[in-house]
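[1] okay, here's the prediction I keep looking at, along with the sequence it came from:
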Amino acid sequence: MIVREQENAFIMIKQHDHARISGEIVSNWKNNFLLRSKLREEADWAVFEHDRAWIPLDDHPVWDGENNRPYSFIDYPLEKKLAAYQRGIEEVAAHSLYAGMLCSMHYQSFFSEEADDIRIRQFIKEEKERQETLFAQMETDVPMDIYQLHFKRLQFCDDLSLYVCMQEPGITKSEEVPWFKDGFRQSFDFSPEGMMAHWKDENHVTVDPFPFQSAFDVLIPYRLVQKDLINDVGIERAYQETEVKHYRISFIPES
């Protein structure tokens, strides 16, 4: 769950909904930056489905009593999160070995191999083994440069979707989440210095350089869950009783 706190409510966005927005972003990728192929279709599908691990978790949001807010994808209890990650990767891999490998790499990248927590080290070990198995089972020999391009593209589209989901529309650059203030971590042939986004206003986000065919819109589904209702009936029931609304964001070139 993506959670933004306001004075009297929490804005809550499902991870799978955010992933679907990532998929809409990747669908608009310029064709001359990456030729269409069956492999690209599988890579694009991985972007759409990369957060399906969160579907059952987000259907039943959990309250973080220590911090007096719903758990988000960032601070969700580790053991349950890792188990969900692996279940989600298995579901993706059952439909596409290549998409499963990309998602496995994506989740593995969240953690350091030097982590003190043995659960994290075990997760990394098992995902590396999974990737080797999936790669061996694939009928297509994927060139490493194409594989890395697909992987970076998944991560960039994930980050750009998080950019519009995690932050209040129209926020100034100085107020942005630290992850994004200095631009995105991925670089491509057409953007060796990376890409930068900022809010032009509450409905428009610029991306520079612009990697898409043309300007396009996305709809972001969210629930505005009132704190008073949470106090009365608990987080899960309050979430379920709150209607889904949408806001529209347009991605446009800087110029």
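    Thanks, I have the structure now.

[2] leaving out sequence neighbours, find the closest residue to residue 160.
    residue 25 (5.6 Å; C-beta to C-beta, 6 or more residues apart in numbering). In this view, the C-beta of every residue, glycine as well, is placed from N, C-alpha and C.

[3] ok so the one you found is a helix residue?
    Yes - assigned with DSSP: H, G, I helix; E, B strand; the rest coil, residue 25 falls within a helix.

[4] which ones are touching it?
    47, 157, 160, 161, 212, 218, 251 (C-beta atoms under 8 Å, 6 or more residues apart in numbering).

[5] hang on, isn't the second one packed against residue 47?
    Going back to what we said before, that points to residue 157. Yes - here residue 157 lies in contact with residue 47, judged by C-beta atoms under 8 Å, at a distance of 5.2 Å.

[6] okay, the two: which has more neighbours?
    Ranked by neighbour count (other C-beta atoms under 10 Å), residue 157 and residue 47 place residue 47 first, with 30 against 26.

[7] gap between the more buried one and residue 24?
    Distance, residue 47 to residue 24, by C-beta to C-beta, to the nearest Å: 9 Å.

[8] correct me, but residue 84 touches residue 58?
    No - using C-beta under 8 Å, residue 84 is not in contact with residue 58, being 9.9 Å away.

[9] who touches both of residue 157 and residue 47?
    22, 23, 25, 26.

[10] for the residues you listed, give me TSV that also has pLDDT and distance to residue 7.
    Listed next are the shared contacts of residue 157 and residue 47 as TSV, based on pLDDT from 0 to 100; distance: C-beta to C-beta, whole Å:
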residue	pLDDT	distance to residue 7
22	98	29
23	97	33
25	98	31
26	96	35
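
[11] give me the residue at the spatial middle of this structure.
    With distances taken as C-alpha atoms, centre = their mean, residue 158 lies nearest the centre of the chain, 3.8 Å away.

[12] with adjacent residues omitted, what lies nearest to that residue?
    Per C-beta to C-beta, 6+ apart, closest to residue 158 is residue 22, 5.1 Å.

[13] with residue 58 instead?
    The nearest residue in space to residue 58 (C-beta to C-beta, 6+ apart) is residue 14, at 4.5 Å.

[14] one more: residue 200?
    residue 206 (5.4 Å).
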